[in-house]
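Participant: Return a 3D structure for these sequence lines:
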Amino acid sequence: MSGFIKTDKASDQSALLKAIEFILADPAEVQQSALQIKTHYAAQHASERSATEVNTEVCNKIITNYANYSAVTGSATALVGVVPGFGTVLASFGGATAGAALSMKYHIEMTMAIAAIYGNDVTQAAAKQACLVVAGLGAISEMEQSDSGTAGPTVFAAAIRQHLETLSPDMLREIFGKVGKMLARNAAKKALPFGIGVAMDFSSRKKLMRQAGVKARDFFSTTKSVM
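Facilitator: Sure thing, here's the model as predicted:
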């Protein structure tokens, strides 16, 4: 998915950001799929749901879909034939980075889908960068919760807005550098041989994705536009 992640120059990208770019889905396809779900759901429930309720329930469905999909992700060998570009990432960056990239691929794509439901055009650069920040900080927040508790939606939204106001290539590298280190640390604690995106246990993957998705939903539902 060349061109999704922009930095000052290609060599400045962190290994994790480079790996994510190889396997991330086309934002236009993610957006189209999300809006199709919304159109279908609204047609069925428009008479009994407000627009706000439709958006919330569609996002909840998207979150559940991604949580379930990420939870049942199989072995690295199987994924080479399932996720386009994953074989290249595995060979180029190794198992740990490939696993972390896979985990964040689903986080970012889920975030893009949620952003699209709330009217953001995720094919545009500003919205795409916002999705990176929301997904990255959402994952960090959930992985830190055992130490300091989960940040409430107001605190999380304020942190996102602050980052977006001063967003730079260095900041993106810092966010995803921290994501990569935390995923590796968590995998090491559990003595997992591969990246957390693949080797993390079923319930943990599902919980992390669901909670990060709720954070993204709450942010975009209270933010008029990130463009």
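Participant: per-residue confidence at the spatially closest residue to Ala113 that is not a sequence neighbour?
Facilitator: Leaving aside its sequence neighbours, Ala113 sits nearest to Ala34 (Cβ to Cβ, 6 or more residues apart in numbering; 3.8 Å). Using the backbone N, CA and C atoms, a C-beta is placed for each residue, glycine as well. Predicted confidence (pLDDT) for Ala34: 98.
Participant: again with the one 5 residues further on
Facilitator: pLDDT, the model's per-residue confidence, is 96 for Thr39.
Participant: Okay, now the unreliable bits of the protein?
Facilitator: For the chain, applying pLDDT under 70 flags the ranges 1-13, 71-82, 146-152, 186-202, 226-227.
Participant: Repeat the analysis, applying 50 as the threshold.
Facilitator: For the chain, the stretches with pLDDT under 50 are 1-2, 7-12, 74-75, 77, 191-199.
Participant: Do you have the helices of it handy? List them.
Facilitator: 15-23, 27-45, 51-71, 76-80, 86-93, 95-117, 125-148, 153-165, 169-189, 196-199, 202-221 (DSSP state H).
Participant: Deepest-packed of the ones you listed, please.
Facilitator: Among these, ranked by average contacts under mean count of other Cβ atoms under 10 Å, first place goes to helix 95-117 (a mean of 27).
Participant: for that one, the distance to its chain's centre please.
Facilitator: Counting by Cα atoms, centre = their mean, to the nearest Å, helix 95-117 is centred 3 Å from the centre of its parent chain.
Participant: likewise stretch 93-110?
Facilitator: 9 Å.
Participant: Counting neighbours, what do you get for Thr123?
Facilitator: If you count neighbours by other Cβ atoms under 10 Å, Thr123 ends up with 16.
Participant: Please name the residues that touch it.
Facilitator: Pro27, Ala28, Gln31 (Cβ atoms under 8 Å, 6 or more residues apart in numbering).
Participant: pretty sure the first one is touching Gln129, no?
Facilitator: No. With the criterion set as Cβ atoms under 8 Å, Pro27 and Gln129 do not qualify as a contacting pair; they are 11.2 Å apart.
Participant: List the contacts of Pro27.
Facilitator: Taking Cβ under 8 Å, 6+ apart, one finds Phe4, Met112, Val122, Thr123, Lys128 in contact with Pro27.
Participant: swap the cut-off to 6 Å and go again
Facilitator: Met112, Val122, Thr123, Lys128 (Cβ atoms under 6 Å, 6 or more residues apart in numbering).
Participant: which residues does the last one contact?
Facilitator: Shown here is Lys128, whose contacts under the criterion Cβ under 6 Å, 6+ apart are Pro27, Val122.
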